[in-house]
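Student: quick one: sequence plus predicted model below, questions after.
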Amino acid sequence: MEMQDITSTRHELLGVCDKVASYGEECVFFSVNASTEDIFCCGSRYGQEFLTGQASIVHLFLEFCKERYLQNQQQQAVESQIKTELDEDSQNNITNPTVKNATTDDDVIYIISDDEEDEFDELAAETMETVTKSESR
């Protein structure tokens, strides 16, 4: 279906070039597909003559697009890897929580994630300090 669409669109562009030329204007149009290296060019009579003599412009544009597509694919791969690692870390914190045993009168067991461990230790130390101070009075 996609090939038929691009062929139809290209046919329409040829009509546009003819229409523009009928108004006394010259035009040139070219497109490239960076992954297949497919090149399409059309234009008015002078536009086509220009492209024939300046084919390097189209090839420069193709190389430019290939570089951009490659950079974009590399960036997407890095972003995907980071997202995967973040998702795995998040999942590990949920499925593998750290178990802490806080000694109190009720001998309570707290289940926390690795990220909460330091905060828990500080809170437990403050709580034990408060309990110890109140018991010594």
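Tutor: It's in.
Student: quick one: the helices in the protein, in order.
Tutor: 2-22, 45-53, 55-95, 117-136 (DSSP state H).
Student: in contact with S35, which residues?
Tutor: Y69 (C-beta atoms under 8 Å, 6 or more residues apart in numbering). Where C-beta positions appear, they are placed from N, C-alpha and C, glycine not excepted.
Student: make 825 the first number, not 1, from now on.
Tutor: Okay, residue one is now 825; in that scheme the one you just asked about reads as S859.
Student: point out where this structure drops to low pLDDT.
Tutor: For the chain, the stretches with pLDDT under 70 are 825-826, 916-941, 944, 951-961.
Student: quickly list the domain ranges of it.
Tutor: 826-917, 921-960 (automatic domain parsing).
Student: report the buried residues of stretch 880-891.
Tutor: Residues of stretch 880-891 classed as buried: V882, L886, C889 (neighbour count, 16 or more other C-beta atoms under 10 Å).
Student: tell me the contacts of the last one?
Tutor: Okay, so that is C889. The contact partners of C889, taken as C-beta under 8 Å, 6+ apart, are V856, A858.
Student: the first one now?
Tutor: Taking C-beta under 8 Å, 6+ apart as the contact definition, V882 lies against F854, V856, I863, C865, L875.
Student: let's go with 10 Å and repeat that
Tutor: Contacts for V882 (C-beta atoms under 10 Å, 6 or more residues apart in numbering) come out as V852, F854, S855, V856, I863, F864, C865, L875.
Student: ok, now how distant is it from C866?
Tutor: V882 sits 12 Å away from C866 when distances are taken as C-beta to C-beta, to the nearest Å.
Student: then the second one?
Tutor: Relative to C866, L886 is positioned 16 Å away (criterion: C-beta to C-beta).
Student: if we can go back for a sec, mind putting the buried residues of stretch 880-891 in TSV, distance to D945 included?
Tutor: What follows is those, written out as TSV (distance: C-beta to C-beta, whole Å):
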residue	distance to D945
V882	65
L886	60
C889	55
